[in-house]
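Novice: Need a 3D model of the following:
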Amino acid sequence: MSAFNTNNKDEQQSIASAPRNNSIVLIGLCCIGVILFFIAATIVLSLIPLYLSAKAISDNTETVSFNVTYRINNGTLPLGTLSTDNCNAILTDLNTQTKTNQAVSRLTPSISSCTVTGSTTVPTNLVRRRRQTTSEGNVITYICSLKGGGNCRRGSCLGERAQILIASLLQRGIFYITFTGSNGTRFLFSISAISSNYSSSSDASVNDITALNYVLYLTRLQSNLYERFQSQFNETAFISAGYAAQAYTYLNLILSHQRAHINTLVNSIIALAGSAIPACTYNFNSITSVTGYLSAAQQLGQVGANAYVGVISGLTDPSLIELFGQLGDIEARHTVYLSQLVTNSSIGTFPENFTKDASVAETYSATNSYISSCSFTLPQPLTILPGAFTFNGTIPAISSTITNYSRPMYDNDNRVLQLALNTEQMGVALYQTFINTLTNTSYSNM
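Specialist: Here you go, the predicted structure:
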């Protein structure tokens, strides 16, 4: 009886533990199943992109069109529609740029409506070797169409690829295209891409804007100086300080020049789609007299003249180079007059044989004492000081690695240098003639 009871108890315990063991097995299987599910899901998700069809760009139906504007840096062409041969020369160059850029190498460009604008009347013998004048320009605008090729994945579609191509053109800098004149003569022209409807300005024009703001910073400073002290002092104050009343009148004229320069600089910046810097907050507390005022005006005038010389070689727009030359010349003339007042002589401070070209750091150092604060970062334009490029008189072949100096550029520069040399030789002859005939007594009687 005892043995029977013991065996029955063991059987009951075995039956009771069976459900618990089954539960553990089921839980383990479920965990393994969940893990396998996540592994499978991960694999499937990673393979989805391989089985989705990419959006193919149709060579026949999908195109994008945009305008591109080039500037001729060393000559002009007749206004109006560019000849088919010259338009094809642009297309050939564009094809080369497209094929060498892997991101857009499968696109096919075409060009239509090549037009020359930027009217100016110039001697046509510069371009066509005829002694007559005609209306010509140095800006070429054309319409480019791109047909697609390859695949378009993850939003990298045709319009974006067009932007890539345009960006590469704008960042390219100066390049060269040979155009044919109406008489069949071929000339190598220096070209820069300056804008398109996908971009407001090129890297080159960005530096032009920076240079404009740099000299605008100086012009606003000078204008504020004159504004303050022309209202603080009057003719009587000038006379009391030992100056002629006319000096006060002339400084009012200089003030009007500074205002005109500000308007011109601001308009030039706007024309390049840039933003003109505002005036700073100025500190002229160190100036307490008419003499101190004139000394500060003379100092800032000299800084301004030197600043124009320092940045003019970094400009890319020929019209801005001319503008900077004109404004820098006026600044130098102001400085000569102010020097005569400061030194109380008809000669003033006699100039050196060359105008100093100030670096950007030198300019800001010279003006810092008059600045309390500015709401903008001080412009830092590119400056190419003497020694950065030296021309040894030898014209490089077109195939040469030296590509930044073409034959038309040389011909024009040579004519300018010859004109300047003739002028200097006339000046030397004049001085030499009268130095030999006049004496110190002649000058003292003047």
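
Novice: Which phi and psi values does the nearest residue to Asn95 once chain neighbours are set aside adopt?
Specialist: Counting by CB to CB, 6 or more residues apart in numbering, Asn95 lies nearest to Pro109, which is 6.3 Å off, once chain neighbours are set aside. Where you see a C-beta, it was placed from the backbone N, CA and C, and this is true even at glycine. Pro109 adopts backbone torsions of phi -90, psi 150, taken as degrees, to the nearest 10.

Novice: so who does Pro109 touch?
Specialist: Applying CB atoms under 8 Å, 6 or more residues apart in numbering, one finds that Pro109 lies in contact with 91, 94-95, 98, 144-146, 165.

Novice: Then Thr63?
Specialist: Neighbours of Thr63 in contact, by CB under 8 Å, 6+ apart: 145-148, 158.

Novice: Which strand residues bridge it?
Specialist: Per DSSP bridges, the residues bridged to Thr63 are Lys147.

Novice: Quick check, pLDDT for it.
Specialist: pLDDT recorded at Thr63 is 70.

Novice: What of the one 3 residues further on?
Specialist: Per-residue confidence (pLDDT) for Phe66: 78.

Novice: that's a strand at it, yeah?
Specialist: Yes - Phe66: assigned to a strand according to DSSP: H, G, I helix; E, B strand; the rest coil.

Novice: going forward can the numbers begin at 16, since that is how I track them
Specialist: Happy to do that; since the first residue is 16 now, the last one works out to Phe81.

Novice: correct me, but it touches Thr156?
Specialist: No - under the criterion of CB atoms under 8 Å, Phe81 makes no contact with Thr156, lying 11.1 Å away.

Novice: in the sheet, who's paired with the residue nearest to Asn110?
Specialist: Leu161.

Novice: how much space between it and Asn383?
Specialist: According to CB to CB, to the nearest Å, Pro124 stands 51 Å off from Asn383.

Novice: next one: Arg176
Specialist: With CB to CB as the criterion, Arg176 and Asn383 are 47 Å apart.

Novice: Who has more neighbours out of those two?
Specialist: The neighbour comparison of Arg176 against Asn383 (other CB atoms under 10 Å) goes to Arg176, with 24 against 9.

Novice: which SSE is the more buried one in?
Specialist: helix 173-185 (DSSP states H and E).

Novice: can you pull the buried residues of that helix?
Specialist: 173, 176-178, 180-185 (16 or more other CB atoms under 10 Å).

Novice: Report the rounded mean pLDDT for it.
Specialist: Mean predicted confidence for helix 173-185 is 74.

Novice: what do you get for stretch 391-406?
Specialist: The model assigns stretch 391-406 a mean pLDDT of 63.

Novice: before we move on, what about stretch 348-355?
Specialist: 92.

Novice: got it, and stretch 241-260?
Specialist: 95.

Novice: Next, the buried residues of that stretch.
Specialist: 241, 244, 248, 253, 258.

Novice: Inside helices: which ones of the residues you listed?
Specialist: The members of the buried residues of stretch 241-260 that map onto helices under DSSP state H are 241, 244, 253.

Novice: Surely the first one is in contact with Leu266?
Specialist: Yes - the pair Tyr241 / Leu266 is scored as a contact, 6.4 Å apart, by CB under 8 Å.

Novice: the bottom helix or strand of the protein by mean pLDDT?
Specialist: strand 70-71 (a mean of 42; mean pLDDT, DSSP states H and E).

Novice: my guess is Ile285 contacts Leu231, does it?
Specialist: No - using CB under 8 Å as the test, Ile285 is too far from Leu231 to be in contact (11.7 Å).

Novice: These two: which is more packed in?
Specialist: Shown here are Ile285 and Leu231; by other CB under 10 Å, Leu231 has more neighbours (22 against 13).

Novice: Tell me the spatial nearest neighbour of the more buried one, not counting adjacent residues.
Specialist: Counting by CB to CB, 6+ apart, the residue nearest Leu231 is Leu280, at 4.5 Å.

Novice: After the helix or strand hosting that neighbour, which helix or strand is next?
Specialist: Following DSSP H and E, one finds Leu280 within helix 260-286. For helix 260-286, the following helix or strand on the C-terminal side (DSSP H and E) is strand 296-297.

Novice: Quick one: mean pLDDT over that next one.
Specialist: 96.

Novice: Partner strands of it, with direction?
Specialist: Applying DSSP bridges, one finds strand 296-297 paired with strand 386-388 (antiparallel).
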